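Undergrad: Have a look; sequence and predicted model below, questions after that.
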Amino acid sequence: MIRIEGHRIIRSPIQKVFQMVSHLDSQPRVTGLWMSADLVERKANTLTVHYRGYFGGMPMESIQRATLIPNQRIEFRQTRGALKAFRGEYVLKSIDGDTDLSLSVEAEVGIPLISDNSARLVLQLFVENSLQKFKFTAERDLPRVVGARRPKEGAAATTTPAPASADALSELPPTEEPVRPEPPPMPVQPRPQQPQQSLGAATPGGVVPGQGKRRRRRRRRRRRGGEMRSPQGAPRPGTSPGSGPAPGSGSG
């Protein structure tokens with residue numbers, strides 16, 4: 001005989017857990033052993049269920065009779081099936097409003113193609129998956145713990161009371177987000193300055209900018225005057241100071 005047992009602490013009243021486990025014909029298919037269950041007979045505290053599933057990869061059937069002891073125990077035993085022997089029990093205990101659910105199974109396979117190690121592994125998965133599924137289903141309706149939102153800047157801070165069934169983790173203050181340092185500003189590269197020529201600098205031709213135009217203006221003003229001088233300052237031939245144009249200059 002191979003014996004496997006396990007237990008879970010379920011945060012739910014013992015009456016609710018017993019009502020859920022006592023529906024043997026509605027056992028989940030994720031147990032890894034039974035794929036379907038049909039209720040054959042129901043009496044006061046006795047159920048007869050026809051199971052179909054796979055044991056170590058081989059299809060099998062098992063007809064089991066279960067005895068119900070309200071809020072305490074559920075015993076089941078195979079009366080006819082492919083296994084040589086199969087029996088077990090659920091035991092429920094109330095602990096401070098929670099429920100301690102334990103499941104133990106004993107089996108004798110009697111099939112040459114299935115070794116004892118394989119049979120032990122199949123029964124271990126059956127026990128663990130069944131307990132985990134019962135725990136998840138019983139605690140599914142419990143209130144969820146949601147952290148309080150932080151108030152916006154300038155708004156009054158409001159606190160939301162935590163539910164009575166929340167665990168101690170919900171009473172801890174929310175963690176503050178770390179302040180990230182601002183990235184340093186990007187260096188501004190100065191633009192290359194173009195060389196500016198001074199006002200008094202000479203051009204490549206040796207001429208100071210702006211002086212050629214002023215000389216031409218001065219020459220025009222001197223030509224409009226009464227005396228025309230040569231570049232050396234001497235009066236031109238045929239002219240005299242204060243006299244008009246020379247005779248025969250073509251003015252008439």
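TA: In hand now; what should we look at? Residues are numbered from 1 along each chain as shown.
Undergrad: Give the buried residues for the host helix or strand of Val122.
TA: According to DSSP states H and E, Val122 maps onto helix 116-138. Applying a neighbour-count criterion of 16 or more other CB atoms under 10 Å, one finds 119, 122-124, 126-128, 130-131, 133-135, 137-138 buried in helix 116-138. Heads up, the C-betas are built off the backbone N, CA and C, glycines and all.
Undergrad: List of residues touching that helix?
TA: Here helix 116-138 makes contact (CB atoms under 8 Å, 6 or more residues apart in numbering) with 2, 4-8, 10-12, 16-17, 20-21, 27-28, 30-33, 55-56, 99, 101, 103-105, 107, 109.
Undergrad: Which residue ranges of the stretch 51-200 of the chain form strands?
TA: 58-69, 73-81, 85-95, 98-108 (DSSP state E, counting those that start in this stretch).
Undergrad: In a markdown table, list the ones you listed along with distance to Tyr51.
TA: Listed next are those as a markdown table, based on distance: least, CB to CB, whole Å:
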| stretch | distance to Tyr51 |
| --- | --- |
| strand 58-69 | 5 |
| strand 73-81 | 8 |
| strand 85-95 | 9 |
| strand 98-108 | 13 |
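Undergrad: In CSV, list these along with mean neighbour count, mean pLDDT and distance to Ser115.
TA: Below are the strands of the stretch 51-200 of the chain laid out as CSV (neighbours: other CB atoms under 10 Å; pLDDT from 0 to 100; distance: least, CB to CB, whole Å):
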stretch, mean neighbour count, mean pLDDT, distance to Ser115
strand 58-69, 16, 93, 12
strand 73-81, 15, 94, 20
strand 85-95, 17, 94, 17
strand 98-108, 19, 94, 13
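Undergrad: Ok, which of those strands comes nearest Ile114?
TA: strand 58-69 (6.9 Å; CB to CB).
Undergrad: Show me what the closest one is packed up against.
TA: Strand 58-69 sits against strand 46-55, strand 73-81, with contacts defined as 3 or more CB pairs under 8 Å, 6 or more residues apart in numbering; DSSP states H and E.
Undergrad: With distance to Ala66 as new columns, can those be given to me in CSV?
TA: Compiled in CSV, those are given as follows (distance: least, CB to CB, whole Å):
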stretch, distance to Ala66
strand 46-55, 5
strand 73-81, 4
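Undergrad: Where does pLDDT dip in the stretch 1-150 of the chain?
TA: For the stretch 1-150 of the chain, applying pLDDT under 70 flags the ranges 30, 141-150.
Undergrad: now with 80?
TA: For the stretch 1-150 of the chain, the stretches with pLDDT under 80 are 27-32, 141-150.
Undergrad: picking up where we left off before, ok, of the contacts of helix 116-138, which come out buried?
TA: Looks like those have 2, 4, 6, 8, 10, 12, 17, 20-21, 27, 31-33, 55, 99, 101, 103, 105, 107, 109 buried, using 16+ other CB under 10 Å.
Undergrad: Count the residues that sit near Tyr54.
TA: For Tyr54, the neighbour count with other CB atoms under 10 Å is 13.
Undergrad: which ones are touching it?
TA: Shown in contact with Tyr54 (CB under 8 Å, 6+ apart): Leu33, Met35, Met60.
Undergrad: Chain neighbours aside, what residue packs nearest to the first one?
TA: Ranked by CB to CB, 6 or more residues apart in numbering and with sequence neighbours excluded, the top spatial neighbour of Leu33 is Phe126, at 4.3 Å.
Undergrad: if I look at that neighbour, how far off is Lys16?
TA: Here the distance between Phe126 and Lys16 works out to 23 Å (CB to CB, to the nearest Å).
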